[in-house]
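Chemist: need a structure here:
(chains A and B)
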Amino acid sequence: MRRKPGTLLPLEVDILQAGLELRRAGGPQFHGFQLAKQIADHAGPRPLTAHGTLYKALQRLEEAGLLTSHWEDPNIAATEGRPRRRLYEVTGAGERALAAWQARLGQAPGRPRLEPT
Amino acid sequence: MSTADRAAALVTWWVARYTHRLPAETAERRQAELTSDLWEQRTYGRMVGASTAAVALSILRRMAAGMPADLRWRHHQLAATRGQPLNVGGRPVLRTLARNWWLMLAGLVSIFEVVFGVTMPFAEGGHPESIAGGAFIAGAGLLVLGGIIVRWRGSRVAGDRMIVVGALPTLPWMWLILPPLAGLTVILAAAVDAAEARSLGEGQRRRTA
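Modeler: Got it, this is the predicted structure:
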(Lines give C-alpha, C1' and ligand atoms only; values in the text may rest on other atoms or scores of the structure.)
Protein backbone atom coordinates (compact mmCIF):
# COMPACT_ATOMS: atom_id res chain seq x y z
CA MET A 1 0.00 0.00 0.00
CA ARG A 2 1.44 3.36 -0.99
CA ARG A 3 1.02 6.17 1.47
CA LYS A 4 1.76 9.86 1.48
CA PRO A 5 4.94 10.62 3.41
CA GLY A 6 4.18 11.43 7.04
CA THR A 7 0.89 9.58 7.00
CA LEU A 8 0.23 7.24 9.91
CA LEU A 9 -2.39 4.52 10.07
CA PRO A 10 -4.70 4.59 13.10
CA LEU A 11 -2.97 1.56 14.61
CA GLU A 12 0.45 3.15 14.13
CA VAL A 13 -0.77 6.27 15.94
CA ASP A 14 -2.09 4.07 18.74
CA ILE A 15 1.23 2.25 19.00
CA LEU A 16 3.27 5.44 19.19
CA GLN A 17 0.86 7.04 21.65
CA ALA A 18 0.81 3.92 23.83
CA GLY A 19 4.61 3.69 23.70
CA LEU A 20 4.94 7.29 24.85
CA GLU A 21 2.32 6.77 27.57
CA LEU A 22 4.32 3.80 28.86
CA ARG A 23 7.46 5.90 28.77
CA ARG A 24 5.75 8.62 30.84
CA ALA A 25 4.66 5.91 33.27
CA GLY A 26 8.31 4.99 33.77
CA GLY A 27 8.87 2.19 31.28
CA PRO A 28 10.57 3.47 28.13
CA GLN A 29 10.78 -0.04 26.70
CA PHE A 30 7.76 -2.23 26.12
CA HIS A 31 6.94 -5.63 24.69
CA GLY A 32 4.18 -6.66 22.31
CA PHE A 33 1.52 -7.83 24.74
CA GLN A 34 2.17 -4.87 27.04
CA LEU A 35 1.57 -2.57 24.10
CA ALA A 36 -1.62 -4.38 23.03
CA LYS A 37 -2.87 -4.11 26.61
CA GLN A 38 -2.03 -0.42 26.83
CA ILE A 39 -3.84 0.31 23.55
CA ALA A 40 -6.90 -1.68 24.65
CA ASP A 41 -6.99 -0.02 28.08
CA HIS A 42 -6.95 3.45 26.58
CA ALA A 43 -9.47 2.74 23.88
CA GLY A 44 -12.44 1.85 26.08
CA PRO A 45 -14.17 -1.45 25.40
CA ARG A 46 -11.82 -2.51 22.65
CA PRO A 47 -10.32 -5.98 22.26
CA LEU A 48 -6.60 -6.61 22.21
CA THR A 49 -4.99 -5.95 18.85
CA ALA A 50 -4.69 -9.07 16.69
CA HIS A 51 -1.30 -10.78 16.67
CA GLY A 52 -0.68 -10.49 12.94
CA THR A 53 -1.74 -6.86 12.74
CA LEU A 54 0.24 -5.79 15.79
CA TYR A 55 3.56 -7.39 14.93
CA LYS A 56 3.33 -6.39 11.29
CA ALA A 57 2.73 -2.78 12.33
CA LEU A 58 5.62 -2.92 14.82
CA GLN A 59 7.94 -4.16 12.09
CA ARG A 60 6.71 -1.44 9.72
CA LEU A 61 7.33 1.28 12.31
CA GLU A 62 10.75 -0.12 13.08
CA GLU A 63 11.68 -0.17 9.40
CA ALA A 64 10.52 3.44 9.17
CA GLY A 65 12.83 4.34 12.08
CA LEU A 66 9.95 5.32 14.38
CA LEU A 67 10.67 2.45 16.79
CA THR A 68 13.76 0.51 17.76
CA SER A 69 13.80 -2.95 19.23
CA HIS A 70 16.10 -5.56 20.70
CA TRP A 71 15.87 -8.87 22.51
CA GLU A 72 16.14 -8.59 26.25
CA ASP A 73 18.96 -10.29 28.14
CA PRO A 74 18.13 -14.02 28.12
CA ASN A 75 19.37 -14.29 31.70
CA ILE A 76 16.60 -11.97 32.89
CA ALA A 77 13.96 -14.07 31.15
CA ALA A 78 15.49 -17.29 32.51
CA THR A 79 15.58 -15.88 36.03
CA GLU A 80 11.92 -14.92 35.80
CA GLY A 81 11.01 -18.24 34.17
CA ARG A 82 9.39 -16.85 31.05
CA PRO A 83 10.15 -16.53 27.31
CA ARG A 84 12.45 -13.76 26.17
CA ARG A 85 10.77 -10.47 25.32
CA ARG A 86 11.40 -8.32 22.29
CA LEU A 87 11.60 -4.81 23.73
CA TYR A 88 10.53 -1.80 21.69
CA GLU A 89 11.14 1.90 22.22
CA VAL A 90 9.74 4.97 20.48
CA THR A 91 12.55 6.90 18.80
CA GLY A 92 12.90 10.65 18.50
CA ALA A 93 11.76 10.32 14.89
CA GLY A 94 8.71 8.41 16.15
CA GLU A 95 7.83 11.19 18.58
CA ARG A 96 8.23 13.81 15.88
CA ALA A 97 6.17 11.82 13.38
CA LEU A 98 3.36 11.45 15.91
CA ALA A 99 3.48 15.13 16.86
CA ALA A 100 3.43 16.16 13.20
CA TRP A 101 0.52 13.84 12.49
CA GLN A 102 -1.44 15.12 15.48
CA ALA A 103 -0.71 18.70 14.45
CA ARG A 104 -2.10 17.94 11.00
CA LEU A 105 -5.27 16.70 12.65
CA GLY A 106 -5.44 19.69 14.99
CA GLN A 107 -4.75 17.58 18.03
CA ALA A 108 -2.11 18.87 20.41
CA PRO A 109 0.45 16.27 21.56
CA GLY A 110 -0.09 14.99 25.07
CA ARG A 111 -3.76 15.83 25.09
CA PRO A 112 -6.29 13.04 25.55
CA ARG A 113 -7.53 11.50 22.33
CA LEU A 114 -10.35 13.40 20.75
CA GLU A 115 -12.12 10.46 19.27
CA PRO A 116 -14.28 8.13 21.34
CA THR A 117 -12.71 4.70 21.12
CA MET B 1 -3.19 -28.34 29.78
CA SER B 2 -5.80 -25.60 30.17
CA THR B 3 -8.11 -24.26 27.44
CA ALA B 4 -5.91 -21.17 27.18
CA ASP B 5 -2.83 -23.38 26.75
CA ARG B 6 -4.57 -25.27 23.95
CA ALA B 7 -5.51 -22.00 22.25
CA ALA B 8 -1.89 -20.87 22.58
CA ALA B 9 -0.73 -24.17 21.09
CA LEU B 10 -3.04 -23.58 18.13
CA VAL B 11 -1.56 -20.10 17.60
CA THR B 12 1.94 -21.58 17.82
CA TRP B 13 0.95 -24.12 15.17
CA TRP B 14 -0.44 -21.35 12.93
CA VAL B 15 2.72 -19.25 13.35
CA ALA B 16 4.84 -22.27 12.38
CA ARG B 17 2.69 -22.70 9.25
CA TYR B 18 2.89 -19.14 7.97
CA THR B 19 6.57 -18.73 8.80
CA HIS B 20 7.44 -22.00 7.04
CA ARG B 21 10.16 -21.52 4.40
CA LEU B 22 10.82 -17.95 5.43
CA PRO B 23 14.41 -16.96 6.26
CA ALA B 24 15.32 -18.53 9.61
CA GLU B 25 15.99 -15.20 11.35
CA THR B 26 12.64 -13.73 10.25
CA ALA B 27 10.72 -16.87 11.18
CA GLU B 28 12.43 -17.26 14.55
CA ARG B 29 11.80 -13.65 15.47
CA ARG B 30 8.08 -13.87 14.74
CA GLN B 31 7.79 -17.23 16.52
CA ALA B 32 9.65 -15.96 19.58
CA GLU B 33 7.59 -12.79 19.75
CA LEU B 34 4.37 -14.77 19.62
CA THR B 35 5.64 -17.25 22.21
CA SER B 36 6.34 -14.33 24.52
CA ASP B 37 3.00 -12.62 23.75
CA LEU B 38 1.03 -15.81 24.43
CA TRP B 39 2.87 -16.40 27.68
CA GLU B 40 2.30 -12.82 28.81
CA GLN B 41 -1.40 -12.92 27.97
CA ARG B 42 -1.99 -16.16 29.87
CA THR B 43 0.02 -14.90 32.83
CA TYR B 44 -1.90 -11.63 32.83
CA GLY B 45 -5.18 -13.55 32.62
CA ARG B 46 -4.24 -15.60 35.69
CA MET B 47 -3.11 -12.45 37.52
CA VAL B 48 -6.45 -10.67 37.05
CA GLY B 49 -8.46 -13.84 37.69
CA ALA B 50 -9.87 -14.16 34.18
CA SER B 51 -11.31 -17.55 33.32
CA THR B 52 -9.13 -19.74 31.15
CA ALA B 53 -11.97 -19.95 28.60
CA ALA B 54 -12.10 -16.14 28.33
CA VAL B 55 -8.34 -15.97 27.82
CA ALA B 56 -8.56 -18.75 25.23
CA LEU B 57 -11.30 -16.91 23.35
CA SER B 58 -9.28 -13.71 23.36
CA ILE B 59 -6.21 -15.55 22.07
CA LEU B 60 -8.22 -17.23 19.30
CA ARG B 61 -9.87 -13.96 18.33
CA ARG B 62 -6.48 -12.26 18.08
CA MET B 63 -5.22 -15.10 15.93
CA ALA B 64 -8.25 -15.13 13.62
CA ALA B 65 -8.39 -11.35 13.20
CA GLY B 66 -4.68 -11.23 12.43
CA MET B 67 -4.69 -14.00 9.83
CA PRO B 68 -5.07 -11.72 6.78
CA ALA B 69 -2.16 -9.60 8.05
CA ASP B 70 -0.12 -12.75 8.71
CA LEU B 71 -0.62 -13.97 5.17
CA ARG B 72 0.20 -10.59 3.63
CA TRP B 73 3.28 -10.35 5.84
CA ARG B 74 4.40 -13.78 4.65
CA HIS B 75 3.82 -12.75 1.04
CA HIS B 76 5.92 -9.59 1.54
CA GLN B 77 8.69 -11.50 3.30
CA LEU B 78 8.84 -14.08 0.51
CA ALA B 79 8.87 -11.36 -2.15
CA ALA B 80 11.64 -9.52 -0.30
CA THR B 81 13.63 -12.75 0.03
CA ARG B 82 13.40 -13.38 -3.70
CA GLY B 83 14.28 -9.77 -4.45
CA GLN B 84 10.95 -9.17 -6.15
CA PRO B 85 8.95 -5.96 -5.91
CA LEU B 86 6.03 -6.31 -3.52
CA ASN B 87 3.38 -5.55 -6.11
CA VAL B 88 4.51 -8.11 -8.62
CA GLY B 89 3.04 -7.89 -12.09
CA GLY B 90 -0.35 -6.75 -13.17
CA ARG B 91 -1.77 -3.40 -14.05
CA PRO B 92 -3.23 -1.18 -11.33
CA VAL B 93 -6.74 -2.02 -12.51
CA LEU B 94 -6.06 -5.75 -12.31
CA ARG B 95 -4.52 -5.40 -8.86
CA THR B 96 -7.57 -3.46 -7.67
CA LEU B 97 -9.83 -6.15 -9.09
CA ALA B 98 -7.80 -8.88 -7.41
CA ARG B 99 -8.08 -7.11 -4.04
CA ASN B 100 -11.78 -6.37 -4.33
CA TRP B 101 -13.11 -9.48 -6.04
CA TRP B 102 -15.52 -10.13 -3.21
CA LEU B 103 -17.03 -6.66 -3.54
CA MET B 104 -17.86 -7.44 -7.15
CA LEU B 105 -19.47 -10.66 -5.96
CA ALA B 106 -21.36 -8.62 -3.34
CA GLY B 107 -22.59 -6.39 -6.17
CA LEU B 108 -23.92 -9.44 -8.01
CA VAL B 109 -25.60 -10.70 -4.83
CA SER B 110 -27.18 -7.27 -4.41
CA ILE B 111 -28.52 -7.26 -7.98
CA PHE B 112 -29.82 -10.82 -7.58
CA GLU B 113 -31.67 -9.94 -4.37
CA VAL B 114 -33.20 -6.78 -5.80
CA VAL B 115 -34.32 -8.49 -9.02
CA PHE B 116 -35.58 -11.56 -7.13
CA GLY B 117 -37.35 -9.39 -4.57
CA VAL B 118 -39.06 -7.23 -7.20
CA THR B 119 -40.15 -10.09 -9.45
CA MET B 120 -41.21 -12.52 -6.71
CA PRO B 121 -44.64 -10.89 -6.03
CA PHE B 122 -45.48 -11.00 -9.75
CA ALA B 123 -44.43 -14.63 -10.04
CA GLU B 124 -46.49 -15.59 -7.00
CA GLY B 125 -49.71 -13.79 -7.95
CA GLY B 126 -49.26 -10.62 -5.93
CA HIS B 127 -50.29 -12.01 -2.54
CA PRO B 128 -49.61 -9.63 0.35
CA GLU B 129 -47.19 -12.15 1.85
CA SER B 130 -45.21 -12.43 -1.35
CA ILE B 131 -45.14 -8.63 -1.65
CA ALA B 132 -43.78 -8.37 1.90
CA GLY B 133 -41.27 -11.14 1.25
CA GLY B 134 -40.19 -9.55 -2.00
CA ALA B 135 -39.78 -6.17 -0.35
CA PHE B 136 -37.69 -7.76 2.40
CA ILE B 137 -35.36 -9.46 -0.07
CA ALA B 138 -35.08 -6.39 -2.29
CA GLY B 139 -34.36 -4.33 0.83
CA ALA B 140 -31.58 -6.75 1.74
CA GLY B 141 -30.15 -6.29 -1.73
CA LEU B 142 -30.22 -2.53 -1.32
CA LEU B 143 -28.52 -2.95 2.06
CA VAL B 144 -25.65 -4.82 0.37
CA LEU B 145 -25.42 -2.06 -2.23
CA GLY B 146 -25.49 0.56 0.54
CA GLY B 147 -22.74 -1.34 2.33
CA ILE B 148 -20.53 -1.23 -0.74
CA ILE B 149 -21.12 2.53 -1.05
CA VAL B 150 -20.56 3.16 2.68
CA ARG B 151 -17.36 1.15 2.48
CA TRP B 152 -16.03 3.15 -0.46
CA ARG B 153 -16.95 6.39 1.29
CA GLY B 154 -14.62 5.45 4.14
CA SER B 155 -16.55 3.52 6.82
CA ARG B 156 -15.08 0.12 6.09
CA VAL B 157 -16.37 -1.74 9.16
CA ALA B 158 -19.89 -0.28 8.92
CA GLY B 159 -20.01 -1.09 5.20
CA ASP B 160 -18.79 -4.63 5.77
CA ARG B 161 -21.44 -5.19 8.44
CA MET B 162 -24.19 -3.94 6.13
CA ILE B 163 -22.94 -6.33 3.44
CA VAL B 164 -22.94 -9.27 5.88
CA VAL B 165 -26.51 -8.59 7.03
CA GLY B 166 -27.75 -7.85 3.53
CA ALA B 167 -26.32 -11.05 2.08
CA LEU B 168 -27.89 -13.27 4.77
CA PRO B 169 -31.26 -13.78 2.95
CA THR B 170 -29.44 -15.61 0.12
CA LEU B 171 -28.50 -18.47 2.44
CA PRO B 172 -31.87 -20.27 2.77
CA TRP B 173 -32.21 -20.78 -1.00
CA MET B 174 -29.97 -23.81 -0.99
CA TRP B 175 -31.66 -25.40 -4.00
CA LEU B 176 -30.50 -22.49 -6.17
CA ILE B 177 -26.89 -23.43 -5.28
CA LEU B 178 -25.08 -20.41 -6.76
CA PRO B 179 -26.79 -17.52 -4.90
CA PRO B 180 -26.32 -19.07 -1.42
CA LEU B 181 -22.75 -20.02 -2.29
CA ALA B 182 -22.06 -16.47 -3.49
CA GLY B 183 -23.84 -15.04 -0.44
CA LEU B 184 -21.82 -17.21 1.95
CA THR B 185 -18.57 -16.24 0.23
CA VAL B 186 -19.47 -12.56 0.48
CA ILE B 187 -20.45 -12.91 4.15
CA LEU B 188 -17.16 -14.61 5.04
CA ALA B 189 -15.05 -12.17 3.03
CA ALA B 190 -16.82 -9.15 4.53
CA ALA B 191 -16.48 -10.58 8.05
CA VAL B 192 -12.74 -11.13 7.59
CA ASP B 193 -12.35 -7.66 6.09
CA ALA B 194 -14.27 -6.10 8.99
CA ALA B 195 -12.12 -7.99 11.50
CA GLU B 196 -8.99 -6.72 9.85
CA ALA B 197 -10.32 -3.16 9.68
CA ARG B 198 -11.27 -3.31 13.35
CA SER B 199 -7.86 -4.59 14.33
CA LEU B 200 -6.34 -1.69 12.39
CA GLY B 201 -8.55 0.67 14.35
CA GLU B 202 -10.52 1.74 11.31
CA GLY B 203 -13.80 0.79 12.91
CA GLN B 204 -13.44 3.30 15.68
CA ARG B 205 -12.38 6.33 13.74
CA ARG B 206 -10.96 7.53 10.51
CA ARG B 207 -8.04 9.88 10.37
CA THR B 208 -7.66 11.85 7.23
CA ALA B 209 -5.26 14.60 6.42
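
Chemist: what's the burial count for the residue in chain A that chain B sits nearest to?
Modeler: Nearest to chain B, among the residues of chain A, is residue A:52, at 2.7 Å (CB to the nearest CB). Just so you know, the C-beta spots here come from the backbone N, C-alpha and C atoms, and that holds for glycine as well. Neighbours of residue A:52 under the rule other CB atoms under 10 Å in any protein chain shown: 28.

Chemist: cool, and residue B:30?
Modeler: 25.

Chemist: Could I get the pLDDT score of the closest residue to it other than its chain neighbours?
Modeler: Sequence neighbours aside, residue B:19 is the residue nearest to residue B:30 in space, at 5.4 Å (criterion: CB to CB, 6 or more residues apart in numbering or on different chains). Each residue has a pLDDT score; the one for residue B:19 is 93.

Chemist: swap in residue B:153?
Modeler: pLDDT, read off for residue B:153, is 81.

Chemist: Kindly report the same for residue B:13.
Modeler: pLDDT at residue B:13 comes out at 95.

Chemist: Would you tell me which residues of chain A are close to chain B?
Modeler: Counting by CB under 8 Å from any CB of the partner chain, chain A comes close to chain B at A:4, A:7-11, A:13-14, A:31-34, A:36-37, A:43, A:46-56, A:59, A:71, A:82-86, A:101, A:104-105, A:115-117.

Chemist: Of these, which belong to strands?
Modeler: A:71, A:86 (DSSP state E).

Chemist: Restricted to buried residues, select the residues of chain A next to chain B in ChimeraX.
Modeler: The ChimeraX command for the buried members of the residues of chain A next to chain B (criterion: 16 or more other CB atoms under 10 Å in any protein chain shown) is given here:
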select /A:8,9,10,11,13,14,31,32,33,34,36,37,43,46,48,49,50,51,52,53,54,55,56,59,83,84,85,86,101,117
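
Chemist: check contacts around the residue of chain A closest to chain B.
Modeler: Counting by CB atoms under 8 Å, 6 or more residues apart in numbering or on different chains, residue A:52 makes contact with B:63, B:65, B:66, B:67, B:68, B:69, B:70, B:73.

Chemist: ditto for residue B:24
Modeler: Contacts of residue B:24 (CB under 8 Å, 6+ apart): none.

Chemist: Point me to the residue of chain B nearest chain A.
Modeler: Closest point on chain B to chain A, by CB to the nearest CB, is residue B:66, at 2.7 Å.

Chemist: Now for that residue, how many residues are close by?
Modeler: Residue B:66, neighbours per other CB under 10 Å, totals 25.

Chemist: Report pLDDT for the residue nearest to it when sequence neighbours are not counted.
Modeler: Leaving aside its sequence neighbours, residue B:66 sits nearest to residue A:52 (CB to CB, 6+ apart; 2.7 Å). Model confidence at residue A:52, expressed as pLDDT, equals 93.

Chemist: Now that residue B:124 has come up, it's in contact with residue B:130, right?
Modeler: Yes: applying CB atoms under 8 Å, one finds residue B:124 in contact with residue B:130, separated by 3.9 Å.

Chemist: Could you list the low-confidence segments of the chain?
Modeler: In the absence of a named chain, chain A is used. Counting by pLDDT under 70, chain A has low-confidence residues at A:1-4, A:43-45, A:107-117.

Chemist: was after chain B, sorry
Modeler: B:84-99, B:174-175, B:196-209.

Chemist: one more time with 80, if that's ok
Modeler: Filtered on pLDDT under 80, chain B yields the residue ranges B:82-100, B:122-128, B:154, B:173-177, B:192-209.

Chemist: ok, how many other residues are close to the nearest residue to residue B:152 once chain neighbours are set aside?
Modeler: Among residues not flanking residue B:152 along the chain, residue B:159 sits closest, at 7.5 Å (CB to CB, 6+ apart). Look at residue B:159: counted by other CB under 10 Å, it has 25 neighbours.

Chemist: tell me the contacts of residue B:159?
Modeler: B:147, B:148, B:149, B:150, B:151, B:152, B:153.

Chemist: Secondary structure element holding the third one?
Modeler: In other words, residue B:149. For residue B:149, the element it lies in under DSSP states H and E is helix B:128-152.

Chemist: What is that helix packed up against?
Modeler: helix B:101-123, helix B:156-167 (3 or more CB pairs under 8 Å, 6 or more residues apart in numbering or on different chains; DSSP states H and E).

Chemist: Now do residue 72: how many residues are near it, please.
Modeler: Answering for chain A, as no chain was given. 14.

Chemist: wait, chain B
Modeler: 15.

Chemist: In contact with the closest residue to it other than its chain neighbours, which residues are there?
Modeler: In space, and not counting its chain neighbours, residue B:72 is closest to residue A:56: 7.5 Å by CB to CB, 6+ apart. Shown in contact with residue A:56 (CB under 8 Å, 6+ apart): B:69, B:70, B:72, B:73.

Chemist: do the same with residue B:64
Modeler: Here residue B:64 is in contact with A:50, B:195 (CB under 8 Å, 6+ apart).

Chemist: Next one: it from residue B:10, what distance?
Modeler: For residue B:64, the distance to residue B:10 equals 10 Å [CB to CB, to the nearest Å].
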